[in-house]
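Enquirer: no letters, just coordinates:
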């Protein structure tokens, strides 16, 4: 990461965010205006394989295709975009990352979520892993596994009708020759989703259940993998709501404001809180 500080009008951005949050006049400020003010900060953080213009263009498309993001608090929306920037993950249907609108203590906020493909990308960047993957096991597949001293994992997909999905598993091979795997039933996945997700009734859990299930079993495996501190910090940002702060060196330093005590998910109702202004483009 380039640590050279580029002069930015961060005080102006902070003032604009404060005005929008309180419903005060913003002199015609739009989402695109906020993104433009934020671009220098993104340029300092973003990896070489991604550009600020591309990231912000993809983020804008995500907002246009999901109107609920337009009523999320600007601080949380920009925070999620900055998390994408620092981790080098695109918030799109490709499955690297998602911008998820939800109710947090009664306020519309944007939560950053890492996708299944995003987790794999972050793991590969560590340079410690030669192969990492997650798979679905169908009822008619041949599947054997055993934990313990004599560990084994064998999966032969059935020809033709494989039947419904009954399990998911993930595995990783390390460059030093070691390996590890994790198996979860579909029911285990659903229980985990219901316990920990703020968005089980909308978003990727509805539109991309298979990918989210693979992500869940992959994250469970990562708890036991010999991974770097930097990688763990990246994974820890998954499913967090953080407010953009120009004074923070890294979004991992910012406190997650997600209210995990309130696990009542937002429905797909498209009504807007009359007290919360919609942020224009």
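Expert: Looks like it arrived, so ask away. Everything quoted here is computed from the prediction, not taken from an experiment.
Enquirer: can we go C-alpha only for contacts and neighbour counts from here?
Expert: Fine.
Enquirer: identify the residue spatially nearest to residue 95, adjacent ones excluded.
Expert: Taking CA to CA, 6 or more residues apart in numbering as the measure, residue 95 lies nearest to residue 115, with 4.9 Å between them; neighbours along the chain are not counted.
Enquirer: which residues touch the one you found?
Expert: Remark: with contacts taken as CA atoms under 8 Å, 6 or more residues apart in numbering, residue 115 is in contact with 95, 96, 97, 98, 211, 212, 215.
Enquirer: sketch out the low-pLDDT regions of the stretch 51-200 of the chain for me.
Expert: Low-confidence segments of the stretch 51-200 of the chain (pLDDT under 70): 93, 198-199.
Enquirer: make it 80
Expert: Within the stretch 51-200 of the chain, the ranges that satisfy pLDDT under 80 run 93-94, 197-200.
Enquirer: helices along that one, start to end?
Expert: Chain-ordered helices for the stretch 51-200 of the chain, with DSSP state H, counting those that start in this stretch as the definition, fall at 52-65, 74-87, 116-125, 186-196.
Enquirer: return the distance of the residue nearest to the spatial centre of the chain relative to residue 197.
Expert: With distances taken as CA atoms, centre = their mean, residue 113 lies nearest the centre of the chain, 1.7 Å away. Look at residue 113 and residue 197: by CA to CA, to the nearest Å, they are 10 Å apart.
Enquirer: what do these two both touch?
Expert: Taking CA under 8 Å, 6+ apart as the criterion, residue 113 and residue 197 do not both touch any residue.
Enquirer: what bridges to residue 99?
Expert: Beta-bridge pairing for residue 99 (DSSP bridges): residue 112.
Enquirer: just to check, it is in contact with residue 109?
Expert: No. Here residue 99 lies out of contact with residue 109, judged by CA atoms under 8 Å, at a distance of 9.9 Å.
Enquirer: common neighbours of those two, please.
Expert: Taking CA under 8 Å, 6+ apart as the contact rule, residue 99 and residue 109 both touch 69, 77.
Enquirer: test my guess that residue 185 contacts residue 168.
Expert: Yes. Counting by CA under 8 Å, residue 185 sits close enough to residue 168 to count as a contact (6.1 Å).
Enquirer: mind checking which of those two has more residues around it?
Expert: Neighbours around residue 185 and residue 168, counted as other CA atoms under 10 Å, are more numerous at residue 168. The numbers are 24 against 17.
Enquirer: now do the contacts for the more buried one.
Expert: Applying CA under 8 Å, 6+ apart, we find residue 168 in contact with 134, 135, 136, 137, 183, 184, 185, 186, 213, 214, 217.
Enquirer: find the nearest non-adjacent residue to it, please.
Expert: Taking CA to CA, 6+ apart as the measure, residue 168 lies nearest to residue 136, with 4.5 Å between them; neighbours along the chain are not counted.
Enquirer: ok, now residue 120?
Expert: Skipping the residues right next to it in sequence, residue 120 comes nearest to residue 132 by CA to CA, 6+ apart, at 6.8 Å.
Enquirer: understood, closing this out.
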